[in-house]
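Asks: can you look at this prediction? I've put the sequence above it.
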Number of protein chains: 2
Amino acid sequence: MAAQSVAVIGAGAVGSYYGARLAQAGHDVRFLMRRDFRAVRQSGLRVTSPDGDFDLPSPSVHDDSSQIGHVDWVLCALKTTSLGDAPALVAPCLGPDTRILCLMNGLGVEERFADWFGEERIFGGLAFTCINREKPGCVSHLRYGAVTVGHLGDDPAEVQRALDLWSGATVDFDGTPSLLRSRWEKLGWNIPFNGLCVAGGAITTDRVVTDPDLRAAARRTMDEIVDAGNADLAAHGQTARIDRDAMIERMFGLTDAMGAYRPSTMIDFVEGRPMEVEEMFAEPLRRARALGVDTPHIALLTALMRSLDQRREGD
Amino acid sequence: MAAQSVAVIGAGAVGSYYGARLAQAGHDVRFLMRRDFRAVRQSGLRVTSPDGDFDLPSPSVHDDSSQIGHVDWVLCALKTTSLGDAPALVAPCLGPDTRILCLMNGLGVEERFADWFGEERIFGGLAFTCINREKPGCVSHLRYGAVTVGHLGDDPAEVQRALDLWSGATVDFDGTPSLLRSRWEKLGWNIPFNGLCVAGGAITTDRVVTDPDLRAAARRTMDEIVDAGNADLAAHGQTARIDRDAMIERMFGLTDAMGAYRPSTMIDFVEGRPMEVEEMFAEPLRRARALGVDTPHIALLTALMRSLDQRREGD
């Protein structure tokens, strides 16, 4: 398709990687960066990846989103702990037809964007991938990388527009007919593996899948997520449901092959940064409780994660 | 009663405190010490306590239990992480009529002693107390202190013998008609508060009881302990049962008044020492599973505690 203009807001590991893939495909990508701004402006952006290493020697990089201008697409990859910054950062990039793809974790993020900017232009992207930021300006894509994209109103024509954007990029993109179902399915990985890796003492995912008790706890957490997710889908009047066995089998299959991976929240924990507790843990728990679904594992992991997050603040 | 000879094996905070109370009451108490041996031999043992501070200027202290000789009572207050050392440490103190009071945490400890030394002489003591070791030779009794004592065979005459030993000591001692029930009731504190304080980021008990989510998790953990404990009592042919509401109310009542207390396991965790995971968490979980009782909170806390304990070893 014709080159589109894209603003990447929140260019950490995930935003930088996917934005760089769009730039590689010929789109006009403009990165808003904080920590890496100077390094990238000076030396460009370097990506290592099993799908091919590449450099963007002089990408369009900004430290103020008002310099970016109106774009066709905003790719928002902020951490949810910075979600409150999103309106001010995103608004300057919006023209009347700008679409916003939220490449973020957790539940309820797109609804927040809809409150700010209107539902019809909001998309959610779920990246199932292992990407770590190395030194400033260097992103290391380790494994996987597929993105599932959905439209907040589940409009198939809009989903197709998002797929068109990515059609030339070296990224495995597919569309979902139910963004809400896909969000819950992603939580089926995020809650157990982020939660157990952090609360288990900053361990890697291989420790969780190879310890029989932690693995069993992960599986039961997934069961609760399926229960809560399907209740939430029903409450939203959707006919889509999570296929329990398929989802659990897929999550373990992917994680069994993942090696000693450090989930994003575990890295945040170890490095003393805020963790994505609210959208990744607390919001799913709130919905489960409101729907009367019993989710003891989610509740316990949420309580521990919140305590561990507060402890960081207290230290 | 007439002075009895007592060997205190494992004179950490708890052993030192209760042994000192027996010595204060006129019994012939002989301490086996490791870390504090030199300090106590040189400067005695100092106890601070809301029930009255006191000193033992020159207690009988040994670093080798073969020097202790046969005694009327062995008070074994080893940490369960050193349970494997108990046979060799205790055996030299045993005459034909020596009784053994295990003042230790967790489940199944008395049964291990019964395997080694015969059931009829084995007692269990459950100390509900806040005692920390300060500098070598100094023990700080902070709050509470009551001990419940039971006989492994639940022989009332034997329970009375144990109570007689303590009748002159400044310790609130009472007997239990069911050692097994009392063990499970004690786990009703130990599992939630040790588990959540450690996994929640080395927090104190006040954080658990004042955070609504952690408090709810503690309550549900207690519910599971009641379920498992009552099933275990039934499986042992006992008619005794845990009174759910009374137990839970008592545990929260005590803990609400406890302030910023650091449970023993949390101190071990912070100081990089082995934690009492097997007897305090894993054995109750094993029994619950064998009895078909669903205990997701106990299972998850056990898995996390074991992971955190292994992490310590790996560091």
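Replies: Received it, and whenever you're ready, just let me know what you need.

Asks: so what strands line up beside the helix or strand harbouring A:Arg30?
Replies: When elements are assigned from DSSP states H and E, A:Arg30 belongs to strand A:28-32. Using DSSP bridges, strand A:28-32 pairs in its sheet with strand A:5-9 (parallel), strand A:60-62 (parallel).

Asks: helix or strand right after it?
Replies: Assigned by DSSP H and E, the successor of strand A:28-32 is helix A:37-43.

Asks: list the buried residues in that following helix.
Replies: Of the residues in helix A:37-43, A:37, A:39-41 count as buried by neighbour count, 16 or more other Cβ atoms under 10 Å in any protein chain shown. In short, each C-beta sits where N, CA and C put it, glycine included.

Asks: before we move on, what about stretch A:78-93?
Replies: Buried-residue list, stretch A:78-93, by 16+ other Cβ under 10 Å: A:78-83, A:86, A:89-90, A:92-93.

Asks: any idea of the pLDDT on A:Glu313?
Replies: Looking at A:Glu313, its pLDDT stands at 57.

Asks: residues contacting the residue minimising distance to the centre of chain A?
Replies: Centroid check for chain A by Cα atoms, centre = their mean gives A:Met104 as the closest residue, at 3.2 Å. Shown in contact with A:Met104 (Cβ atoms under 8 Å, 6 or more residues apart in numbering or on different chains): A:76-80, A:83, A:124, A:279.

Asks: confirm that A:Val149 lies within a strand, as I assumed.
Replies: Yes: using DSSP: H, G, I helix; E, B strand; the rest coil, the secondary structure at A:Val149 is a strand.

Asks: tell me which helix or strand A:Asp115 sits in.
Replies: Applying DSSP H and E, one finds A:Asp115 within helix A:109-117.

Asks: repeat for A:Leu75
Replies: Using DSSP H and E, A:Leu75 falls in strand A:71-76.

Asks: so what touches that strand?
Replies: A:4-10, A:15, A:18-19, A:22, A:30, A:86, A:90, A:93-95, A:97-104, A:113, A:125, A:165.

Asks: ok, the closest residue to A:Met280 other than its chain neighbours - how many residues close by?
Replies: Using Cβ to Cβ, 6 or more residues apart in numbering or on different chains and skipping residues adjacent in sequence, the residue nearest A:Met280 is A:Gly106, 4.3 Å away. Using other Cβ atoms under 10 Å in any protein chain shown, A:Gly106 has 23 neighbouring residues.

Asks: again, but for A:Arg220
Replies: 19.

Asks: ok, now which ones touch the nearest residue to it once chain neighbours are set aside?
Replies: Closest residue to A:Arg220 apart from its sequence neighbours, by Cβ to Cβ, 6+ apart: A:His297 at 5.5 Å. Going by Cβ under 8 Å, 6+ apart, A:His297 touches A:192, A:217, A:220-221, A:224, B:296, B:300.

Asks: export the buried residues of helix A:37-43 to TSV and tack on distance to chain B and pLDDT?
Replies: Formatted as TSV, the buried residues of helix A:37-43 follow (distance: Cβ to the nearest Cβ, whole Å; pLDDT from 0 to 100):
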residue	distance to chain B	pLDDT
A:Phe37	33	94
A:Ala39	32	94
A:Val40	35	95
A:Arg41	38	94
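
Asks: and these as JSON lines, adding distance to B:Asp51?
Replies: JSON lines is the format used below for the buried residues of helix A:37-43 (distance: Cβ to Cβ, whole Å):
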{"residue": "A:Phe37", "distance to B:Asp51": "63"}
{"residue": "A:Ala39", "distance to B:Asp51": "63"}
{"residue": "A:Val40", "distance to B:Asp51": "66"}
{"residue": "A:Arg41", "distance to B:Asp51": "69"}
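
Asks: if we can go back for a sec, pairing partners for the strand holding A:Leu75, with directions?
Replies: Strand A:71-76 pairs in its sheet with strand A:5-9 (parallel), strand A:94-102 (parallel), by DSSP bridges.

Asks: for A:Met247, what are its contacts?
Replies: A:Met247 is in contact with A:185, A:188, A:222, A:226, counting by Cβ under 8 Å, 6+ apart.

Asks: so the third one sits in a helix?
Replies: When you say that, I think you mean A:Met222. Yes: the assignment for A:Met222 by three-state DSSP puts it in a helix.

Asks: cheers, nothing more for now.
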